[in-house]
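Undergrad: Sequence below, structure please.
(one chain, ligands or ions: 1)
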Amino acid sequence: MSTSRRAWTVWGVGLVAYIVAVLHRTSFGVSGLAAAERFGTTASVLASFVVVQLLVYAGLQVPVGILLDQIGPRRLLIIGAVVMALGQLVLAVAASVQVAMGGRVLVGAGDAMTFVSVLRLVAAWFPPGRVPLLTQLTGLIGQLGQVLSAVPFVLVLDMWGWTPAFGSVASVSVFIAVLAIALLRDSPDVRTRPVQRITWAGVGSDLLKAWQHPGTRLGLWTHFSTGFSGMVFAMMWGFPFLVAGQGLSEGTAGSLLTLMVLAGAAAGPVVGVLVQRHPLRRSWLVLGVVLANASAWTAVLAWPGEAPLWLLVLLILSLSLSGPGSMIGFDFARTFNPPNRLGTATGMVNVGGFTAALVTILAIGLVIDIRTGGASTYGLDDLRVALCLHYVIWLTGLIGILRTRRLVRRRMAAHGVVVPPIREVIERRRRNRRWRS
Ligand SMILES: NCCCC[C@H](N)C(=O)NCC(=O)O
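TA: Sure thing, here's the model as predicted:
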């Protein structure tokens, strides 16, 4: 097989593995009613499953990134698929909340290994110019996993019940592991990777070097500032905000969440091409996404009473930029780190958005609880106050972005690459245009 055909095969397998990881990730959320019935528990206990899973995912990003640099993406992806299969099997037979939680911990752990491995495969198999677009495509096509859990998985759950449903998704992961064993290679150059001895000193030095490079931290703050708002909305508070806060029907709220996924799918390739064409202006794209998110939320939160539908649609469209914007963080990690440290750096970046989302999800719940005294119903005013927590995260992220961008530019200047101020570029372009006409 030619290298380029092989590269597409490798990407295809990686992509399917990521789609399946997203299917595992979201499969518990769509089985809320069945879970409540099976374990005889409340909605808040079930919600804590999402939090624990996110915690495991985010907490494992750095260790998993280090492991990726040591054992390579193929092995890590296979381990991830097996761990997720085990987790879903545990869940399939679990009869208590504790055992089920153990299953979700395993799913979170396996999930944590997948995306970083796929990004590493893309960076190893494709020329650098193609990587930004392929990274965006990976991120957005992967979200198909959510559709798989919402439609075929729910169908199996309704028709055959809990154990067959979770048992069958476990078997999908076994199939992914077999596919990866058969078709994946770490890179086109190295057919079989020499076994590397993992030393603590080596791991520590990689960790330090990746962290010390301001480009990695710029990636982390990028993921942190752009990624969290979309995740908070899609994973937890979007639906309650639209239904309990804005008085929309569940159907309309569901359509708006679907619009968010579709608009994100359209925006991803555009962001990818812009990053590919203007690598020196990536941070402006990031700031643009943060500005779009913050202005849309400000307009909705400041609107007296329920916001009109057109404004909510604008909010959804701006939030659809969140996922594509956060992928720029991985591009910073890739371009400012050598291949042998890329896993560690990618893991660090990926901690950003997931941690910010986790903290915001929990803090919003806490503020609502305080305002309502723990009652199960809440209204627009409670949500409005709680959602203002977004500003704390944006402010923290913006400080991080501007600080690390200054450090990155200083380093680049020391290597002879000077990024001219954007005002200067616009002025130069205007002068050139005037001169030509
Ligand atoms: N619904 C979560 C979307 C997150 C996309 C994001 N850019 C990202 O970091 N993905 C990593 C992953 O494992 O999904």
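Undergrad: Skip the chain neighbours and tell me the closest residue to the residue of the chain found nearest the ligand.
TA: When scored by Cβ to the nearest ligand atom, the chain has Phe115 as its residue closest to the ligand, at 3.3 Å. C-betas here are computed from N, CA, C, even on glycine. Spatial nearest neighbour of Phe115, excluding adjacent residues (Cβ to Cβ, 6 or more residues apart in numbering): Tyr18 at 5.8 Å.
Undergrad: Quick check: residues of the protein near the ligand?
TA: Within reach of the ligand by Cβ under 6 Å from any ligand atom, the chain has these residues: Phe115, Gly139, Gly227, Met231, Ala234, Gly323, Ser326, Met327, Asn350, Gly353.
Undergrad: Now Ser96, what are its backbone angles?
TA: The phi/psi pair for Ser96 (degrees, to the nearest 10) reads phi -130, psi 160.
Undergrad: Name all residues that make contact with the residue lying closest to it once chain neighbours are set aside.
TA: Excluding its sequence neighbours, the residue lying closest to Ser96 (Cβ to Cβ, 6+ apart) is Phe39, at 6.9 Å. Phe39 makes contact with Val45, Ala94, Ser96, Val97, Ala100, according to Cβ atoms under 8 Å, 6 or more residues apart in numbering.
Undergrad: Check those for burial and list the buried ones.
TA: For these, a burial check counting by 16 or more other Cβ atoms under 10 Å picks out Ala94, Val97, Ala100.
Undergrad: I'd like to know how far the first one sits from Ala17.
TA: Put plainly, it is Ala94. 25 Å (Cβ to Cβ, to the nearest Å).
Undergrad: now do the last one
TA: For Ala100, the distance to Ala17 equals 24 Å [Cβ to Cβ].
Undergrad: Name the nearest residue to Val418, sequence neighbours excluded.
TA: Met412 (7.3 Å).
Undergrad: a markdown table please, covering the buried ones among the contacts of Phe39 and showing pLDDT and secondary structure.
TA: Below are the buried ones among the contacts of Phe39 laid out as a markdown table (pLDDT from 0 to 100; DSSP: H, G, I helix; E, B strand; the rest coil):
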| residue | pLDDT | secondary structure |
| --- | --- | --- |
| Ala94 | 95 | coil |
| Val97 | 91 | helix |
| Ala100 | 94 | helix |
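Undergrad: What residues of the helix or strand containing Ala85 count as buried?
TA: If you go by DSSP states H and E, Ala85 is part of helix 73-93. Applying a neighbour-count criterion of 16+ other Cβ under 10 Å, one finds 73-92 buried in helix 73-93.
Undergrad: got it, and stretch 395-411?
TA: Buried, per 16+ other Cβ under 10 Å, within stretch 395-411: Gly397, Leu398, Gly400, Ile401, Thr404, Arg405, Val408, Arg409.
Undergrad: Roughly how far does the second one sit from Trp284?
TA: Okay, so that is Leu398. Noted for Leu398: a distance of 13 Å to Trp284, by Cβ to Cβ.
Undergrad: average pLDDT for stretch 21-35?
TA: Mean pLDDT, stretch 21-35: 86.
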